[in-house]
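>>> Quick one: sequence and predicted model below, then my questions.
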Amino acid sequence: MTVKTMDALLVKKCFLAGAAAIQAKKEYINDLNVFPVPDGDTGTNMTMTIMSAANEVLAIEDPDMETICRAISSGSLRGARGNSGVILSQLLRGFTKVIRNEKEINVKILVQSFQKAVDSAYKAVMKPKEGTILTVAKGGAEHAYKIAKNCDDIVEFARQVIEQMRVVLARTPDMLPVLKEAGVVDSGGEGLVTILEGVYDALTGKEVHYEAEGGTPAIKNTSNGANVDGISTGDIKFGYCTEFIILLEKEFTSRDEKSLKGYLESIGDSIVCVADEELVKIHVHTNDPGLAIQKGLTYGELSRMKIDNMREEHNERLIQSASATGTTPMVQEKKEAETPWKKVGFISVSVGEGLGNIFRELGADYVIEGGQTMNPSTEDILGAISQVRAETIYIFPNNSNIVLAANQAKDLTEDKHIVVIPTKNIPQGITAMINYIDGNSAEENEAAMTEAVQQIRSGQVTYAVRDTSIDGKEIKQGDIMGLSDKTIEVVGSDVKETTLHLIDALKDEETELITLYYGAESSEEEAQEIAAAVCEKYEEIEVEVEYGGQPIYYYFISVE
């Protein structure tokens with residue numbers, strides 16, 4: 001089969017086929033993660049990222065290249081989860097920037113789009129590491145340029161490029177020793193090649209069935225919201241929560257943004273207007289959603305429209321509350337005071353009831369429940385930003401796999417000053433918040449908090465989900481593992497003993513305080529026993545025990 005050009009309909013078919021391919025293979029990709037921890041989720045993150053875009057693409061009935069590219073770019077950008085998902089979204093964004101103004105694309109245009117995709121992805125990562133998805137993408141782009149002069153058949157061109165990417169993928173263990181020791185190739189690279197293999201299937205005429213997902217798992221909001229049970233529906237000034245995305249059809253200037261915000265303020269409140277060069281996200285509480293929608297249509301097509309009747313939801317909540325308690329709610333007639341704007345706000349990603357409470361006690365305005373087992377998307381973080389009425393907002397990702405998504409949300413926010421503190425785990429996040437000093441500038445606090453988290457040594461205790469060999473340790477499925485920030489320090493069969501050995505590995509002569517955050521599968525009694533054993537062995541060290549409630553991880557450990 002020979003294909004010389006691709007129109008928008010074929011691009012749509014190929015993209016959906018690529019999404020279906022990684023969806024079918026996501027668990028295999030998850031299993032390629034180097035560390036055999038139960039939250040190895042590269043396949044899940046990449047799948048959820050591309051599905052966010054695929055669902056938008058699927059909804060386009062009469063596609064042209066412009067609308068397809070906007071759906072791919074905006075959907076993946078907003079739905080990006082984890083580092084691999086953010087990198088994938090940047091690859092797709094760069095690719096679509098080249099082809100979006102074309103009616104048909106050929107091999108020459110594909111070569112340009114591949115290079116733009118790689119350039120965009122490398123720019124998104126502060127310290128690109130070879131032996132990863134970036135290397136695989138670059139290998140494909142370089143080979144595409146090399147063969148393009150002698151190949152004008154897109155099918156053959158794609159076959160050769162994918163074949164070379166498989167060769168590069170096979171070499172990733174030679175670039176990253178940790179991959180070689182674990183006996184796996186890079187999981188993100190595998191995900192990218194899997195997507196392109198799905199694209200190739202569609203190019204060759206294979207029928208690939210794709211169905212829109214019923215929605216991605218929700219990231220739970222555990223913000224410090226006001227209790228509205230005592231509020232009358234009559235006190236809700238604007239009754240409809242209205243959200244949509246404008247897919248821009250023309251330049252959207254700062255003057256346009258100011259004008260649109262002014263219009264929305266004239267018809268409602270709780271305004272969020274976040275813009276980039278391709279789209280604008282709108283959130284407004286209003287009594288006439290149609291006015292907001294009509295205004296949005298003057299700038300472009302609308303996507304992801306959502307209108308909720310807040311009075312109706314309020315009544316349902318009161319009814320549910322009454323049913324649960326067996327009482328009739330006493331509704332007090334009082335005005336809901338809008339939360340005033342303040343200078344500084346805090347957003348933290350956390351997991352577990354206890355840890356969420358700790359962050360709120362430290363001053364977090366909004367806690368996104370996610371992290372280890374479910375990385376929040378760029379869209380989730382943008383949603384949190386929209387809820388915090390502050391001029392400067394500090395974000396604590398508390399997971400190395402969420403930092404890129406937080407930075408992507410920062411780049412998409414123009415009406416607030418966002419500071420992302422690159423905390424890689426829960427202890428670092430707690431330390432960062434403790435080291436915030438009221439009255440200091442944002443720059444001073446950012447420097448102080450970033451320096452403080454570098455002084456913390458942290459550990460995690462969990463279980464192995466598969467057999468592997470890493471850092472000279474033979475690990476069997478079900479073994480208990482003690483992990484530091486850098487590697488697997490201890491492997492054992494008993495949670496308590498493994499935790500004690502991990503603490504020995506983390507402490508040094510200057511250690512003064514160790515904090516144990518025990519998880520949902522651990523008990524306070526066991527945690528206290530561990531604390532007592534440490535205090536008996538090291539009289540100079542103080543040990544604190546806190547309830548974390550986190551799943552999967554028996555303990556989070558902070559060493560100071």
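It's in.
>>> what bridges to the closest residue in space to R70 that isn't next to it in sequence?
Once flanking residues are discounted, R70 sits nearest to L247: 4.5 Å by C-beta to C-beta, 6 or more residues apart in numbering. (Glycine included, C-beta is placed from N, CA and C.) Applying DSSP bridges to L247 yields these beta-bridge partners: L279, E301.
>>> What separation do you get for L247 and T194?
With distances taken as C-beta to C-beta, to the nearest Å, L247 is found 28 Å from T194.
>>> Would you mind extracting the C-alpha trace of the helix or strand encompassing L134 into CSV?
Using DSSP states H and E, L134 maps to helix 133-147. Below are the C-alpha coordinates for helix 133-147, written out as CSV (Å, rounded to 0.1, in the frame of the first residue of the first chain):
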residue,chain,number,x,y,z
ILE,A,133,11.8,9.0,25.5
LEU,A,134,13.7,12.1,24.4
THR,A,135,16.5,10.0,22.9
VAL,A,136,14.1,7.7,21.1
ALA,A,137,12.2,10.7,19.6
LYS,A,138,15.4,12.4,18.5
GLY,A,139,16.6,9.1,16.9
GLY,A,140,13.4,9.0,14.9
ALA,A,141,13.6,12.6,13.8
GLU,A,142,17.3,12.2,12.7
HIS,A,143,16.5,9.1,10.7
ALA,A,144,13.5,10.7,9.1
TYR,A,145,15.7,13.5,7.8
LYS,A,146,18.2,11.0,6.5
ILE,A,147,15.8,8.9,4.4
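>>> Next, the buried residues of it.
Buried residues in helix 133-147, defined by neighbour count with 16 or more other C-beta atoms under 10 Å: 133-141, 143-144.
>>> Do a quick rundown of the strands in the stretch 201-350 of the chain.
220-221, 240-248, 268-275, 279-286, 300-309, 342-350 (DSSP state E, counting those that start in this stretch).
>>> Tabulate these in a markdown table, adding columns for mean neighbour count and mean pLDDT.
Below are the strands of the stretch 201-350 of the chain laid out as a markdown table (neighbours: other C-beta atoms under 10 Å; pLDDT from 0 to 100):
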| stretch | mean neighbour count | mean pLDDT |
| --- | --- | --- |
| strand 220-221 | 14 | 42 |
| strand 240-248 | 21 | 83 |
| strand 268-275 | 19 | 72 |
| strand 279-286 | 23 | 80 |
| strand 300-309 | 16 | 80 |
| strand 342-350 | 23 | 94 |
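>>> Could you name the stretch from the ones you listed that's closest to P427?
Between P427 and those, the tightest spacing by C-beta to C-beta is seen for strand 342-350, at 11.7 Å.
>>> The closest one pairs with which strands?
Note on strand 342-350: by DSSP bridges, its sheet partners are strand 366-369 (parallel), strand 390-396 (parallel).
>>> which of those strands is buried the deepest?
Ranked by mean neighbour count, the strands paired with strand 342-350 are led by strand 366-369 with a mean of 25 (mean count of other C-beta atoms under 10 Å).
>>> Which strands or helices does the helix or strand just after that one pack on?
Following strand 366-369 in sequence order, the next helix or strand is helix 378-387 (DSSP H and E). The contact analysis (3 or more C-beta pairs under 8 Å, 6 or more residues apart in numbering; DSSP states H and E) places helix 378-387 against helix 65-79, strand 220-221, strand 268-275, strand 342-350, strand 366-369, strand 390-396, helix 403-411.
>>> now the angle from the fourth one to helix 403-411?
It refers to strand 342-350. Comparing the axes of strand 342-350 and helix 403-411 via axes from the mean of the first three to the mean of the last three C-alpha atoms, to 10 degrees yields an angle of 150 degrees.
>>> What lies in contact with strand 342-350?
With contact meaning C-beta atoms under 8 Å, 6 or more residues apart in numbering, strand 342-350 is reached by 222, 356, 359, 362-371, 376, 381, 384-385, 388-399, 402, 426, 429, 433, 436, 438.
>>> quick check, distance from that strand to the centre of its chain.
Put simply, strand 342-350 sits 17 Å off its chain's centre (C-alpha atoms, centre = their mean, to the nearest Å).
>>> Pull up the per-residue confidence for E446.
pLDDT recorded at E446 is 94.
>>> do the one 3 residues further on as well
At M449 the predicted local confidence, pLDDT, stands at 93.
>>> and what of H417?
pLDDT recorded at H417 is 94.
>>> and what of P340?
In this model, P340 is scored at 78, pLDDT.
>>> picking up where we left off before, in a markdown table: the helices and strands packed on helix 378-387, plus distance to G18.
Formatted as a markdown table, the helices and strands packed on helix 378-387 follow (distance: least, C-beta to C-beta, whole Å):
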| stretch | distance to G18 |
| --- | --- |
| helix 65-79 | 10 |
| strand 220-221 | 30 |
| strand 268-275 | 28 |
| strand 342-350 | 29 |
| strand 366-369 | 29 |
| strand 390-396 | 31 |
| helix 403-411 | 21 |
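>>> Identify whichever of these lies nearest to E474.
helix 403-411 (31.7 Å).
>>> Going by contacts, tell me the helices and strands next to that closest one.
In terms of contacts (3+ C-beta pairs under 8 Å, 6+ apart), helix 403-411 is packed against helix 82-99, helix 378-387, strand 390-396, strand 417-420.
>>> Show me which positions of that helix end up buried.
By 16+ other C-beta under 10 Å, the buried positions in helix 403-411 come out as 403-410.
>>> ok, now stretch 249-263?
Within stretch 249-263, the residues scored as buried using 16+ other C-beta under 10 Å are 252, 256-257, 260-261, 263.
>>> Among those residues, find me the one that's closest to F157.
If you rank these by distance to F157 using C-beta to C-beta, F252 comes first, at 35.6 Å.
>>> Mind listing the residues bridging to the spatially closest residue to that closest one that is not a sequence neighbour?
The shortest distance from F252 to any non-neighbouring residue, by C-beta to C-beta, 6+ apart, is to A275 (5.6 Å). Taking DSSP bridges as the rule, A275 bridges to V280.
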